[in-house]
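Q: Could you work out the structure for the sequence below:
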Amino acid sequence: MPHVHESPPAATLPGAGGRLPWPVPAVLGVMGGILLALGVWWGALVIAASVTLSVQDARPALALLALTGGAAGFGSARLVTSRPDPLHAWVGAQVTLDGEWDGQFLTLRDPRARLAVAPKPVARPGRIRVSGRLIAPDGPRTPGGFDQAAWLRAQGGVFLPTPTAVLVGARLRSSGREGGFRGWFRQGLTTGLGEREAALMQAVELGDRSDIGRQDFSQGYTVRDGFNRAGLAHLMALSGQNVALITGVLIWLFGFLGWPPAVRYGVPAALLTGYLALVGLSPSITRAVIMGGVVLVALAVGRGKVDPYGLSALAALVCLLLFPLWLLDIGFQLSFLAVLALTLAGRAAERLPHTWPIWLRSALAATVLAELATLPVIAGAFGQLPLVGLPANLLAGPIMAALVPVGFLAGLLGPLAAPLNVLIGPLADALLWVARTARQFPVLTWGHVAPAGVIAYAVCAFSGVLWLLGRVRAPAVLGTVLACALLTALPGRLHPPRDLTFIDIGQGDSTLIRLPGFTMLVDAGGSVNSDFDVGGRTVVPALRALGVRSLSVVVATHADTDHIEGLGSVLRALPVGELWIGQRKVGDPVLDAVLATAQERHVPVREVRRGDQITPSGATLTVLWPPGNVWSTADNDNSVVVKLQSHGWSTAILGDLPDPAEGLLGVGHVNVLKTAHHGSRFSTGTDFLAQTTPQDAVISVGRNTYGHPHPDVLNRLAVAGVKVWRTDQLGTITWPIP
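A: Predicted coordinates:
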């Protein structure tokens, strides 16, 4: 794509000579209206700000446009959010559905509806039949967890139905062959390539990450995780880079052929619509197509210069009017933050030593600015910041510059692309090598980004922009950054957490104990008969969101998948001081995998026994089980049991220990009881409740076919006057420790 020059806007409202591009107040008004429709009161402040900007620019017509935008945004959001759910009557039912699968959603004709499918069927886009149970999407049930309900809401638009349900336990019954131009294009991306390279090309060229999500670099390290840790995840999300590289090659080719500007720029502009239809709608690629199309049309008609801020605002305006809830979509936020940062790349490059080559200065400035602009969103959404993002992107940039246009040509050739893919294969391997190498470096873990953190970041960013514009000196910027960092870091240092968190990982167990200078994780869940990585996809993000950067102790209570399978991902993701186990069961594949990962990560393994004790931060942690002299043949009987006491308050975590072994523990009184075995009827007996006399009991449980929690257990707890807290009903539960 041609360079976007900084210059006075090419399009303003007639009759005024102000400097404010008209799309800016219009899109601010739309954003404010959307927020108000969603019940966010400060949306009114956004509308007021857009009106104020218009008045300051001495253009009353823009103020009216801002108010009109607010009304349009409000109406668009209400239209999307107030639609009736056509699948509501079938929620909870077992169904078999026929529809069009696009790789992300299943679209039904009657009723006209869209829904997500889990697990995603291993089928190419096209007509499929799939069976499963319809459920309503979940909100965020863990800190840092995926808000499926909000994400699905954001996928609907004014003319596109919102996905309203999830088909779980999905089983593919039949599927057709992907046809049309997209099927032809996919053949070109895959023919003659290895499985991993073909999956990468589909992600890079089509934005289809279904296949790459099933690829691993090594045991426990997925390709997608490698790209995330390396700061290269954006390469698999279609964006302005794809549009710029593809149109850039076309413009060069047409210029080489001597075609006039109207054709040289007009043809690529027209082709962008077809490209969008090929790859599908997403915030980043839609933004890029709109901006690229406007620039190309301006060049075709001889206008040449387009104001970057007005152009960005225009693209956001179109996107939000059609898809109002994209405003809350991470992809939308990252895309526009990055493109706004890039408008300052020229000034940043001028600040670098002029003895450096211009290409290096430009690449460094663009990469650093894009990373800094998106920092709060990435830190808050993903809980980690890659430390090698800059060098990794500098290495990946030239590879992508060749890979994207050549890969696009391969797609156009379809099945005839095999000779060309001989060249593409090594390029794809080179990109995979960069991600595989960079992912081995550590990342900076990050917790939840609170409003105070967002404000502190905004102040730092504003001071940085002023420095680039020559308004303030570098020492002032440095002082601002240090002051904001100190002010946001102090509260956590002065008041470190003392709490107990029961992480909602579905049917399984995972409990986090946080004390000043000490963290212990007891189990990390697992997924029986499934390849879903509970540890990596649920527990690790929760730990990062809670600000846990390392674990003093990790406890594997016993060799059950739903308790310890996820520990492998935890051990790989965070530094761990020590791994506690009870029975070192020989030949158990799940426990063997955990122990192998501990050995790989150089984590000491300690076999604990009854009476082992540590005293972190004024609290006492005592192992009550196993005794270690006799091992049962049942894994549950060998569960590690830990009691925590702090200033007269206590709790016990029992794993899956059944009755009558519970009665042999000598737990004594506890304030909070972590019930054993997810509320199984074989645990939490009447005598045990009489011995422990808890006021509250927590049951870690999810959707299951075991009947957990059993009515008998719930009845025993009710008779004993114990209040029950369930993760399947409440999500993650956090309890303060005195």
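
Q: For the helix or strand harbouring Ala116, C-alpha coordinates in CSV please.
A: When elements are assigned from DSSP states H and E, Ala116 belongs to strand 113-118. These are the backbone C-alpha positions of strand 113-118, laid out as CSV (Å, rounded to 0.1, in the frame of the first residue of the first chain):
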residue,chain,number,x,y,z
ALA,A,113,-29.1,-18.3,13.3
ARG,A,114,-25.4,-18.7,13.9
LEU,A,115,-23.7,-20.7,16.7
ALA,A,116,-20.3,-21.8,17.9
VAL,A,117,-19.3,-25.5,17.9
ALA,A,118,-17.1,-27.1,20.5
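
Q: Which of the helices and strands in this structure ranks last by mean pLDDT?
A: For the chain, the helix or strand with the lowest mean confidence is strand 216-218, at a mean of 78 (criterion: mean pLDDT, DSSP states H and E).

Q: Does anything pack onto it? Which helices or strands?
A: Contact partners of strand 216-218 among helices and strands, from 3 or more C-beta pairs under 8 Å, 6 or more residues apart in numbering; DSSP states H and E: helix 223-229, helix 418-438. From N, CA and C alone the C-beta is placed, and that goes for glycine too.

Q: so what strands line up beside the helix or strand following the last one?
A: The one in question is helix 418-438. As assigned by DSSP H and E, the chain's next helix or strand after helix 418-438 is strand 443-445. Strand pairing for strand 443-445, using DSSP bridges, gives strand 384-386 (antiparallel).

Q: distance between the partner strand and the chain's centre?
A: On the basis of C-alpha atoms, centre = their mean, to the nearest Å, strand 384-386 sits 12 Å off its chain's mean C-alpha point.

Q: about what we covered before: need the least confident one among the helices and strands packed on strand 216-218, by mean pLDDT.
A: Between the helices and strands packed on strand 216-218, the lowest average pLDDT goes to helix 223-229, which shows a mean of 85.

Q: pull the CA atoms of that one into PDB?
A: The C-alpha atoms that make up helix 223-229 are tabulated as PDB, following Å, rounded to 0.1, in the frame of the first residue of the first chain:
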ATOM      1  CA  VAL A 223       2.700 -23.500  17.500                       C
ATOM      2  CA  ARG A 224       0.100 -20.800  18.500                       C
ATOM      3  CA  ASP A 225       1.700 -20.600  21.900                       C
ATOM      4  CA  GLY A 226       5.100 -20.100  20.300                       C
ATOM      5  CA  PHE A 227       3.800 -17.200  18.200                       C
ATOM      6  CA  ASN A 228       2.200 -15.700  21.200                       C
ATOM      7  CA  ARG A 229       5.300 -15.900  23.400                       C
END
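
Q: The helix or strand following it packs against which elements?
A: Per DSSP H and E, the first helix or strand lying C-terminal to helix 223-229 is helix 240-256. When contacts are defined as 3+ C-beta pairs under 8 Å, 6+ apart, helix 240-256 sits against helix 261-279, helix 283-300, helix 389-413.

Q: host element of Ser569?
A: Remark: Ser569 resides in helix 567-573, with elements defined by DSSP H and E.

Q: buried ones in the helix or strand just after that helix?
A: Beyond helix 567-573 in the direction of the C-terminus, DSSP H and E gives the next helix or strand as strand 576-581. Buried positions in strand 576-581, judged by neighbour count with 16 or more other C-beta atoms under 10 Å: Val576, Glu578, Leu579, Trp580, Ile581.

Q: Quickly run through the sheet partners of strand 576-581, with directions.
A: Within its sheet, strand 576-581 is paired with strand 551-556 (parallel), strand 605-607 (parallel), according to DSSP bridges.

Q: Go through those and name the closest to Thr511.
A: Evaluated with C-beta to C-beta, those place strand 551-556 nearest to Thr511, the distance being 8.8 Å.

Q: residues in contact with that closest one?
A: 518-524, 543, 563-564, 567, 570-571, 574-582, 591, 594, 603, 614, 616, 640, 642 (C-beta atoms under 8 Å, 6 or more residues apart in numbering).

Q: Same check on stretch 642-652?
A: Contacts to stretch 642-652, defined as C-beta under 8 Å, 6+ apart, come from residues 498, 500, 513, 515, 522, 555, 618-624, 641, 653, 665, 667-674, 692, 735, 737-738.

Q: Going through the residues you listed, which ones are buried?
A: For the contacts of stretch 642-652, a neighbour count by 16+ other C-beta under 10 Å gives the buried set as 498, 500, 513, 515, 522, 555, 619, 621-624, 641, 653, 665, 667, 670-674, 692, 735, 737.

Q: taking those residues one by one, which sit in strands?
A: 500, 513, 515, 522, 555, 621-624, 641, 653, 672-674, 735 (DSSP state E).

Q: Out of these, give me the two with the largest separation.
A: For these, the maximum inter-member distance is 20.6 Å, found between Val623 and Trp735 (C-beta to C-beta).

Q: For Asp147, list the residues it contacts.
A: Contacts here follow C-beta under 8 Å, 6+ apart; on that basis Asp147 touches Gly139, Pro140.

Q: actually Gly92, not the one I wrote
A: Arg133, Leu134, Ile135.

Q: For Leu296, see how far away the first one is.
A: Computed as C-beta to C-beta, to the nearest Å, the Arg133 to Leu296 distance reads 48 Å.

Q: Tell me which of those two has more neighbours.
A: When Arg133 and Leu296 are compared for neighbours, Leu296 comes out ahead with 25 against 17, by other C-beta atoms under 10 Å.

Q: how near is that one to Arg209?
A: Leu296 sits at a distance of 28 Å from Arg209 (criterion: C-beta to C-beta).

Q: Repeat that for Phe146.
A: With the distance defined as C-beta to C-beta, Phe146 ends up 15 Å from Arg209.

Q: Same question for Thr615.
A: When C-beta to C-beta is applied, the distance between Thr615 and Arg209 equals 47 Å.

Q: what do you get for Ala573?
A: Computed with C-beta to C-beta, the distance linking Ala573 and Arg209 is 21 Å.

Q: who has more neighbours, those two?
A: Neighbours per residue (other C-beta under 10 Å) separate Ala573 from Arg209, with Ala573 holding more: 24 against 21.

Q: Got the phi and psi for the closest residue in space to that one that isn't next to it in sequence?
A: Excluding its sequence neighbours, the residue lying closest to Ala573 (C-beta to C-beta, 6 or more residues apart in numbering) is Val540, at 4.6 Å. With angles defined as degrees, to the nearest 10, Val540 sits at phi -60, psi -50.

Q: again with the one 5 residues further on
A: For Ala545, the backbone dihedrals (degrees, to the nearest 10) come out as phi -60, psi -30.

Q: Skipping adjacent residues, who's closest to it in space?
A: Beyond its immediate neighbours in the sequence, the residue positioned closest to Ala545 (C-beta to C-beta, 6+ apart) is Gly144, lying 2.7 Å away.

Q: a helix runs through the one you found, doesn't it?
A: No - under the criterion used here (DSSP: H, G, I helix; E, B strand; the rest coil), Gly144 is coil, not part of a helix.

Q: What does the pLDDT read for it?
A: Each residue has a pLDDT score; the one for Gly144 is 80.

Q: Burial check on it, number of neighbours?
A: When neighbours are defined as other C-beta under 10 Å, Gly144 has 22 of them.
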